[in-house]
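Peer 1: A predicted structure for the sequence below; I have some questions about it.
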Amino acid sequence: MPNELVKLSLSQLGIPAILGVLLLYYAVKLLIFQDVEAIRPPQWKPLRPEQRSAYAREAGLLLLLFGVCTAIASVLMLFIPLLGLCFLTLSILGVFYRFRRMEEKYTG
């Protein structure tokens with residue numbers, strides 16, 4: 001019985017784990033290497049040069065926070081799937097809103 005529970009948990013956490021690794025990768029790229037081109041398409045308005053490090057720091061922290069929210073949502077989905085899905089949806093909406101505000105702040 002416990003072995004089956006571990007297999008079920010690991011199979012359900014596979015996609016959120018991959019998403020967490022991707023978020024961590026881009027957060028490190030932003031926070032340590034300040035590579036803002038990794039997340040911004042070239043056709044967007046360019047950042048002001050003096051704002052690059054602040055943008056990279058804020059975007060990296062946003063990705064780390066989203067990674068934590070994804071981990072919490074995946075654990076919630078194991079026990080209460082609807083609550084985990086709602087939490088993930090709210091997290092995505094929050095990240096979209098904050099990213100849009102961040103773009104306006106640093107490119108406007």
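Peer 2: Great, that's in hand.
Peer 1: which regions of this protein sit below the pLDDT cut-off?
Peer 2: Scanning the chain for pLDDT under 70 picks out the ranges 1-2, 5, 8-10.
Peer 1: show me where it has helices.
Peer 2: 2-12, 14-31, 52-79, 81-107 (DSSP state H).
Peer 1: To residue 46, which of these lies closest?
Peer 2: Closest of these to residue 46 is helix 81-107, at 7.4 Å (criterion: C-beta to C-beta). In this view, the C-beta of every residue, glycine as well, is placed from N, C-alpha and C.
Peer 1: So which elements touch the closest one?
Peer 2: Applying 3 or more C-beta pairs under 8 Å, 6 or more residues apart in numbering; DSSP states H and E, one finds that helix 81-107 makes contact with helix 52-79.
Peer 1: need the contact list for residue 16.
Peer 2: 70, 71, 73, 74, 77 (C-beta atoms under 8 Å, 6 or more residues apart in numbering).
Peer 1: Equivalent analysis for residue 38, please.
Peer 2: Per C-beta under 8 Å, 6+ apart, neighbours of residue 38: 26, 29, 30.
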